[in-house]
Structures are given as C-alpha cells and as structure tokens.
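Novice: all I have is the shape, not the residue letters:
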C-alpha cells in the first residue's frame, strides 16, 4: 500500500505491463525522451529502450495506423494521443478499422491495442487541449471505452486494458493527474468494466466519471452538512455501461443527477437518463437531471471555469431534484 498520483499510477501500471509482456510497446508524441507533456511516461524509455517506448512524428493517423498493424502482428501497442482534441486525424482509423476488425473477421482476428487520451479541461488551455469527446467513441460499436478517476484505478485499469484482446480507449482526467490516492499493488483489482459506489447514500444518486467524480464527492460532503445523504457512483466504464449498478442505486434513492464535463446534448448523460427512465420508471421520485458543459465550442481559458460544471451547479441540480 502506498500513496501516488494518478499520473504515477498510470506510469507504474504501464511499467508493470511492460515487465510482464515484451510485446507491450508504447508510442506517442514526446512520450520517450521528454516523458510526455504531463510526464506520465517519464523514465520508461530509459528503462525499456527506444524500441519499446517510441517517440513518433506529430501524426495521429500515422500513430494509430501503425499500432493497428502492430496489433495484427501480435504486439500490444499502447498509443498516447497527446491531448483529447488531437484525436480527430485518427478518427477514421478508429471507427472504420479499430472498432470493426474483430467483427469483420467473424472473430478470427483480435486487435489488442490501447489508445490513451488525456481528457477534459481545467488546466488553463485552449480548445483542442480541453475537450471531452468520449461520446463519439462510446457510440461506436466494437470499442471499449473506460475512464479512471483515481490513482488506484489508474494503476490497475491501464494494465487490464492492455491485457484485453479488444481495443480500449483509455481516458485520463488531465486536471486530476496530480491528485494523490492510496494504491495497494498487491490487492486484487476491481473488474475493468464495472462501476463503483464511491459513497453510499439514501436521498439521491450522483453519477459521474473521470474528472467529475471528485466534484461529486465534494458535493456529497457539502450536502451532508445540510442533512442530505447522497450516493456517488463512479461509472469507470462508458462502453459497455454498467447500468445494473446505477439502476440498483437509483431504485434505492429514487432520484439521480448525472454529471460530466462534455455537453449534455447527446452526451453520456442522455443515454444513462434514457436507460434509467426505462428501467427505474416506477422508482423515480423526480426527473433524471443532467449537469454538463454547454453545447458550445470550448471557450478561451479565462472563461473555462464558467463553462465547466462545478460544485455549485451540481448542488443546484441536487436541490431541484429533492424539491420534487
């Protein structure tokens, strides 16, 4: 058991996977000598060499296309997209090839590759460095999409993603990279594709993932001071969705607020809300509410705190739900 940041958890998880399997290869822009712009891969090229931690050109389509070929040849490539908004040059490869290869071959060909994506805002950067594009890929059949929110999950989930024979998009909340948490490297990890109840409660269920999990836990603490008992669920997996865990909580509390940084318009919250309306209709005491970013291009950094969901917006939704 030790304390480490989310960034260090991913670093240690990558290291453990590379030590176990010589076919695990890392690729990305500035991930080697520099250790990545967030230093998540710091020290790995020095220890594993330039043949396994590869500095690539600034060409996301080329990075992902090369990784597809390597995965087909028996490697387990882990590619880093330096910032979330840089993934679009590789979008065609991901939705047309990565997601479809297994189905196209009737299950005969597997594509074990991981695409790491630092996601979200809150770091004072501009649009292509602050986006939340997870819904594009969660919508795409054939991809697993997961998002860690704490150091323990960062350490274990990256290893589980690498071990998967299907392609995984691995979202990392960049504004939380330096948040610390306890990690027991000897413990059994949680299943990769299962949500976690982070805090139990009886009055309302907060559902979040990635950077918003911490915000929801803070909201639950603030609400507790006013006598409100909120349950908080970290989805952890966006595709497939663990709706059983969410529905069980909502059937208990009768109320739910779904929180994510991305726009609420056709976002993950819309799918979850629709599913809960179908599954929990007779248990709901209030409409399912969503809190998210606005349906606008990401603003200049001086305005991002007005754009991103925060404690006040979450608590306002909680109050509106409890008022029904």
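Specialist: Structure received. Everything quoted here is computed from the prediction, not taken from an experiment.
Novice: state the helix or strand in which residue 25 lies.
Specialist: Secondary structure assigned from DSSP states H and E places residue 25 in strand 24-28.
Novice: run me through the strand neighbours of that strand, direction for each.
Specialist: Strand pairing for strand 24-28, determined by DSSP bridges: strand 53-55 (parallel), strand 76-80 (parallel).
Novice: just the strands in the stretch 151-300 of the chain please.
Specialist: Taking DSSP state E, counting those that start in this stretch to define them, one finds strands in the stretch 151-300 of the chain at 168-173, 180-183, 196-199, 204-208, 230-234, 237-239, 256-263, 289-293.
Novice: turn these into a markdown table, columns for distance to residue 271, mean neighbour count and mean pLDDT.
Specialist: Placement of C-beta: from N, CA and C, glycine included. Below are these laid out as a markdown table (distance: least, CB to CB, whole Å; neighbours: other CB atoms under 10 Å; pLDDT from 0 to 100):
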| stretch | distance to residue 271 | mean neighbour count | mean pLDDT |
| --- | --- | --- | --- |
| strand 168-173 | 16 | 26 | 98 |
| strand 180-183 | 28 | 16 | 94 |
| strand 196-199 | 19 | 16 | 97 |
| strand 204-208 | 11 | 29 | 98 |
| strand 230-234 | 15 | 25 | 98 |
| strand 237-239 | 9 | 23 | 97 |
| strand 256-263 | 10 | 26 | 97 |
| strand 289-293 | 11 | 23 | 97 |
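Novice: of these, which is nearest residue 135?
Specialist: Among those, the nearest to residue 135 by CB to CB is strand 256-263 (6.1 Å).
Novice: tell me how far the closest one lies from the chain's centre.
Specialist: Distance of strand 256-263 from its chain centroid, counting by CA atoms, centre = their mean, to the nearest Å, is 13 Å.
Novice: and residue 178, how many neighbours?
Specialist: Residue 178 has 11 neighbours, counted by other CB atoms under 10 Å.
Novice: confidence score at it?
Specialist: With respect to pLDDT, residue 178 scores 97.
Novice: one more: residue 126?
Specialist: Reported pLDDT for residue 126: 83.
Novice: hang on, the earlier thing: could the strands of the stretch 151-300 of the chain go into a markdown table alongside distance to residue 56?
Specialist: Formatted as a markdown table, those follow (distance: least, CB to CB, whole Å):
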| stretch | distance to residue 56 |
| --- | --- |
| strand 168-173 | 17 |
| strand 180-183 | 29 |
| strand 196-199 | 34 |
| strand 204-208 | 33 |
| strand 230-234 | 32 |
| strand 237-239 | 26 |
| strand 256-263 | 27 |
| strand 289-293 | 30 |
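Novice: residues contacting residue 47?
Specialist: Residue 47 makes contact with residue 15 under the criterion CB atoms under 8 Å, 6 or more residues apart in numbering.
Novice: could you pull out the buried residues of the helix or strand where it lies?
Specialist: Counting by DSSP H and E, the element that carries residue 47 is helix 44-48. By neighbour count on 16 or more other CB atoms under 10 Å, the buried set for helix 44-48 is 44-45, 48.
Novice: closest to residue 4 out of those residues?
Specialist: For the buried residues of helix 44-48, the nearest to residue 4 is residue 44 (15.4 Å; CB to CB).
Novice: surely that closest one touches residue 16?
Specialist: No - using CB atoms under 8 Å, residue 44 makes no contact with residue 16, being 11.3 Å away.
Novice: dig out what the nearest residue to residue 66 once chain neighbours are set aside forms beta bridges with.
Specialist: Leaving out its chain neighbours, the residue that sits closest to residue 66 by CB to CB, 6 or more residues apart in numbering is residue 27, at 6.9 Å. Beta-bridge pairing for residue 27 (DSSP bridges): residue 54, residue 79.
Novice: give the contact list for residue 27.
Specialist: Applying CB under 8 Å, 6+ apart to residue 27 gives the contacts 54, 56, 63, 66-67, 77-80.
Novice: repeat for residue 133
Specialist: Residue 133 touches 84-85, 87, 119, 262, counting by CB under 8 Å, 6+ apart.
Novice: what does residue 158 give?
Specialist: Here residue 158 is in contact with 9-10, 13-14, 17, 78, 114, 116, 148, 170 (criterion: CB under 8 Å, 6+ apart).
Novice: on that earlier part again, now render the buried residues of helix 44-48 as TSV, adding pLDDT and distance to residue 162.
Specialist: Formatted as TSV, those follow (pLDDT from 0 to 100; distance: CB to CB, whole Å):
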residue	pLDDT	distance to residue 162
44	98	13
45	97	17
48	98	14
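Novice: which of these lies closest to residue 178?
Specialist: Among the buried residues of helix 44-48, residue 44 lies closest to residue 178 (CB to CB), at 18.5 Å.
Novice: from residue 54, how far off is that closest one?
Specialist: Residue 44 is 11 Å from residue 54, where distance means CB to CB, to the nearest Å.
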